[in-house]
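A.B. asks: 3D, please:
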Amino acid sequence: MADDADDSAPRDPDPHLLDMLRLTLVPGVGSRTMQLLLERFDSPGEVLQASLSELREVDGVGPKLSMAIAAARHSPDAEQEYRRCRELGIQLLPRDSAAYPEPLKAIHDPPGLLYVQGGIEPRDSIAVGIVGSRRCTMYGRQQAERLAHTLAGAGLTIVSGLARGIDAAAHQGAISAGGRTIAVLGTGLANIYPPEHQELSQRVAGSGALVTENPLDQAPLPGLFPQRNRLISGLSIGVIVVEATRTSGSLHTARHAMEQGREVFAVPGRIDSLASEGCHDLIRDGVTLIRNADDVLAALGPLIQPVHRSDSDTVHNARELTLSDQERRILNLITAEPLHQDEVLRATDLEPSRVLATLTVLEMKRFIRRLPGGHLCR
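C.D. replies: Numbering: from 1, shown residues only. The predicted model follows:
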């Protein structure tokens, strides 16, 4: 007798997700237009049911686009795209999904829908973008790989764009450290670009995720890559420009990062290097010069919200990743509210002498403060 339920059988898509997919597939509905439509109509289903005159009340929606939105109600394209995503192991994340990356929700034009191959985890909120020139020098490639390797080894996720040059070196450095990395594509996930990075893309998906806002078969178009860059910075708490000419697209990523309130860092090159002119301009204009991963960790400020890496390990500041397991364990017992030293001693099974020594180290590293009466606080 056959089983009543077959787990391998395709499930019907969530209607809300399918409506969001229908809107995403309409040419001309970008992230900004999507945001305006949802502010006006509350849900993608209501957008699709709106009249042509109601749609044209939305800024940027003219007669042609309103007719395209109305036609999407009955188009089979969304169902086909959904089935292909399931076959390829690609997850679709609408902006109101709990799995949608929290840092992206904070930017002013987040994608309405993300395509994700691999997986995005809560710890990926502690991420640093590494970007730079496609036509990089050997020096630039080495610095990108070295920084990514060390930062990923410390527990940060490395975000980049899967492009030739600096991007590829950053992904490879993170993977070689056994760390996590996210590649944000300017194409669809069924159209990896550049094509020679097909194998690298699979390694990235196995060590983190491939992410895009574009439909599966989207081909590489010049205008899509500057749009992609806002997502690299949006997923990161800081962006490192390793090597960039004055016309490099990675400078767009740096500008997006500044607008989004992210930290921006630049790696210096030779003073006569044309390949580093963009980095030198950034440093001249006040961007933080970095030489190594320690410089990055020291300069990163507090996280927008704490990241729970495990039940007993919560990170409030990226600099905490430089601490030993024991130091982080003790630090996690201390809050912003004053706590007596004896309460810390009682809360752990470590020897009191080790706890006291660790507290001294944390104070010297300026993670905690001692207050009168034997109290401590972060």
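A.B. asks: going by C-alpha atoms from here, please, whenever you check contacts or count neighbours.
C.D. replies: OK.
A.B. asks: please compute how far stretch 198-208 lies from its chain's middle.
C.D. replies: The chain centroid and the centroid of stretch 198-208 are separated by 16 Å under C-alpha atoms, centre = their mean, to the nearest Å.
A.B. asks: so for it, mean pLDDT?
C.D. replies: Stretch 198-208 shows a mean pLDDT of 97.
A.B. asks: next one: stretch 270-288
C.D. replies: 95.
A.B. asks: now do stretch 67-74
C.D. replies: Per-residue scores along stretch 67-74 average to 90.
A.B. asks: give me the contacts around the helix or strand containing residue 86.
C.D. replies: Per DSSP states H and E, residue 86 falls inside helix 77-88. For helix 77-88, the surrounding residues in contact (C-alpha atoms under 8 Å, 6 or more residues apart in numbering) are 13, 18, 21, 22, 25, 91, 92, 216.
A.B. asks: isn't the fourth one up against residue 72?
C.D. replies: Yes. Counting by C-alpha atoms under 8 Å, residue 22 touches residue 72, with 6.0 Å between them.
A.B. asks: which residues of the stretch 51-200 of the chain fall in strands?
C.D. replies: 90-94, 113-118, 127-131, 157-160, 181-184 (DSSP state E, counting those that start in this stretch).
A.B. asks: how about those in TSV, adding mean neighbour count and distance to residue 291?
C.D. replies: Formatted as TSV, these follow (neighbours: other C-alpha atoms under 10 Å; distance: least, C-alpha to C-alpha, whole Å):
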stretch	mean neighbour count	distance to residue 291
strand 90-94	20	37
strand 113-118	23	32
strand 127-131	31	14
strand 157-160	30	17
strand 181-184	28	21
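A.B. asks: okay, those in JSON lines with mean pLDDT and distance to residue 338 next?
C.D. replies: Shown next, in JSON lines, are the strands of the stretch 51-200 of the chain (pLDDT from 0 to 100; distance: least, C-alpha to C-alpha, whole Å):
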{"stretch": "strand 90-94", "mean pLDDT": "95", "distance to residue 338": "41"}
{"stretch": "strand 113-118", "mean pLDDT": "96", "distance to residue 338": "42"}
{"stretch": "strand 127-131", "mean pLDDT": "96", "distance to residue 338": "30"}
{"stretch": "strand 157-160", "mean pLDDT": "98", "distance to residue 338": "32"}
{"stretch": "strand 181-184", "mean pLDDT": "98", "distance to residue 338": "37"}
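A.B. asks: nearest to residue 150, of these?
C.D. replies: Closest of the strands of the stretch 51-200 of the chain to residue 150 is strand 157-160, at 10.4 Å (criterion: C-alpha to C-alpha).
A.B. asks: just the CA atoms of the closest one, as CSV, please.
C.D. replies: Output in CSV follows, covering the C-alpha atoms of strand 157-160 (Å, rounded to 0.1, in the frame of the first residue of the first chain):
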residue,chain,number,x,y,z
THR,A,157,31.6,36.1,7.8
ILE,A,158,33.2,37.5,4.6
VAL,A,159,30.9,39.1,2.1
SER,A,160,32.0,39.9,-1.5
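A.B. asks: that one packs against which elements?
C.D. replies: strand 127-131, helix 138-154, helix 166-176, strand 181-184 (3 or more C-alpha pairs under 8 Å, 6 or more residues apart in numbering; DSSP states H and E).
A.B. asks: and the strands of the stretch 51-200 of the chain as CSV, adding distance to residue 238?
C.D. replies: Below are the strands of the stretch 51-200 of the chain laid out as CSV (distance: least, C-alpha to C-alpha, whole Å):
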stretch, distance to residue 238
strand 90-94, 24
strand 113-118, 21
strand 127-131, 5
strand 157-160, 10
strand 181-184, 14
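A.B. asks: between those, which gets nearest to residue 368?
C.D. replies: strand 127-131 (23.9 Å).
A.B. asks: adjacent strands (with direction) for that closest one?
C.D. replies: Paired with strand 127-131 in the same sheet, following DSSP bridges, are strand 157-160 (parallel), strand 238-241 (parallel).
A.B. asks: now residue 372: how far from residue 363?
C.D. replies: Separation of residue 372 from residue 363 (C-alpha to C-alpha, to the nearest Å): 14 Å.
A.B. asks: looking at those two, which one has more neighbours?
C.D. replies: With other C-alpha atoms under 10 Å as the criterion, residue 372 and residue 363 differ in neighbour count, and residue 363 comes out ahead with 16 against 8.
A.B. asks: I'd say residue 205 and residue 118 touch.
C.D. replies: Yes. Residue 205 lies in contact with residue 118 (C-alpha under 8 Å); the separation is 4.6 Å.
A.B. asks: coming back round to it: most packed of the helices and strands packed on strand 157-160?
C.D. replies: strand 127-131 (a mean of 31; mean count of other C-alpha atoms under 10 Å).
A.B. asks: follow-up on the earlier one: weed out the non-buried ones from the contacts of helix 77-88.
C.D. replies: By neighbour count, with 16 or more other C-alpha atoms under 10 Å, the contacts of helix 77-88 hold 18, 21, 22, 25, 91, 92, 216 as buried.
A.B. asks: can you verify my assumption that the second one contacts residue 113?
C.D. replies: Yes. Contact criterion C-alpha under 8 Å: residue 21 and residue 113 qualify, at 7.3 Å.
A.B. asks: show me where the stretch 251-378 of the chain has its strands.
C.D. replies: Using DSSP E, counting those that start in this stretch, the strands of the stretch 251-378 of the chain run over 263-266, 288-289, 302-310, 313-317, 339-340, 369-371, 375-377.
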